[in-house]
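# sequence? don't have it. structure:
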């Protein structure tokens, strides 16, 4: 969708550039005193003056129509943004326990991107309401890189996800750590030396 929008914008920009040049040429042909330079050229311009006026009307109409379209598009976009933000704000206010726990993972792991399974209802619900956004392809472990969408970030406060900016009690910390979703936790590979030591200890 973004690629199509950029393509259309580039095409419109090219059209506007051409129309501006045509407008300038048309105005110059209508106002410059060509009689002082070439009587034949002035005669040809005068004989086609009606077409120059028609071209001028068309060019001005094009600019006016584009301004109207831009104004309508701006109003429509603003309303869509307001509606989207209202939906996201309501969704953040209505987060359940598991959804808050998942969003806390971005803070606890200090990451902007988490690899999450789309099959998890919590993940799919947050994507559907616009709080989370997919930014890559699913890997071999059936996990997809996902971020908090830029539209939801202003609403994802510490309070909204059950965290405190101040000092938390040990019980609060234990509750938060116990609520961490297993599918969102980072799986770190165990060092080889540690794996070998653990194997030796077990065998003993």
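Arrived safely, thanks for sending. From a predicted model like this one, the values you see are computed outputs, not experimental measurements. Numbers count the residues shown, from 1 in each chain.
# rest of the way, CA atoms for contacts and neighbours
Noted.
# can you give me the strands in this structure?
113-116, 132-134, 144-148 (DSSP state E).
# report the rounded mean pLDDT for the shortest one.
Per-residue confidence for strand 132-134 averages out to 95 on the pLDDT scale.
# grab the longest helix from this protein for me.
Looking only at the chain and at elements set by DSSP state H, the helix with the highest residue count is helix 49-93.
# average pLDDT across that helix?
Confidence for helix 49-93, expressed as mean pLDDT, is 92.
# and it, what other elements does it pack with?
Using 3 or more CA pairs under 8 Å, 6 or more residues apart in numbering; DSSP states H and E, the elements in contact with helix 49-93 are helix 2-31.
# what's the helix it packs on packed up against?
Short answer (3+ CA pairs under 8 Å, 6+ apart): helix 2-31 packs on helix 49-93.
# the spatially most central residue of the chain and residue 134: what is the separation?
The residue at the geometric middle of the chain, judged as the C-alpha nearest the mean C-alpha position with CA atoms, centre = their mean, is residue 150 (6.9 Å). According to CA to CA, to the nearest Å, residue 150 and residue 134 sit 12 Å apart.
# what of residue 186?
From residue 186 over to residue 134 (counting by CA to CA), the distance is 18 Å.
# neighbour count: the two, which is higher?
Neighbour count, other CA atoms under 10 Å: between residue 186 and residue 134, residue 134 has more, with 18 against 11.
# how far away from the center of its chain is the longest helix of the chain?
Shown here is helix 49-93, whose average C-alpha point lies 20 Å from the average C-alpha point of the whole chain (CA atoms, centre = their mean, to the nearest Å).
# ok so, going back, what about the residue nearest to the centre of the chain, distance to residue 35?
Taking CA to CA as the measure, residue 150 and residue 35 are separated by 62 Å.
# and if you look at residue 104?
As it turns out, when the distance is counted by CA to CA, residue 104 lies 78 Å from residue 35.
# and residue 23, by the same measure?
Applying CA to CA to residue 23 and residue 35 gives a distance of 21 Å.
# please say which of these two ends up with more neighbours.
When residue 23 and residue 35 are compared on other CA under 10 Å, the one with more neighbours turns out to be residue 23, at 19 against 11.
# give the contact list for that one.
The neighbourhood of residue 23, defined by CA atoms under 8 Å, 6 or more residues apart in numbering, consists of 56, 59, 60.
# let's go with 7 Å and repeat that
Residue 23 makes contact with 56, 59 under the criterion CA atoms under 7 Å, 6 or more residues apart in numbering.
# just the pLDDT for the residue of the chain positioned farthest from its centre.
Seen from the C-alpha centroid of the chain, the residue lying at the greatest distance (CA atoms, centre = their mean) is residue 39, 58.9 Å away. With respect to pLDDT, residue 39 scores 84.
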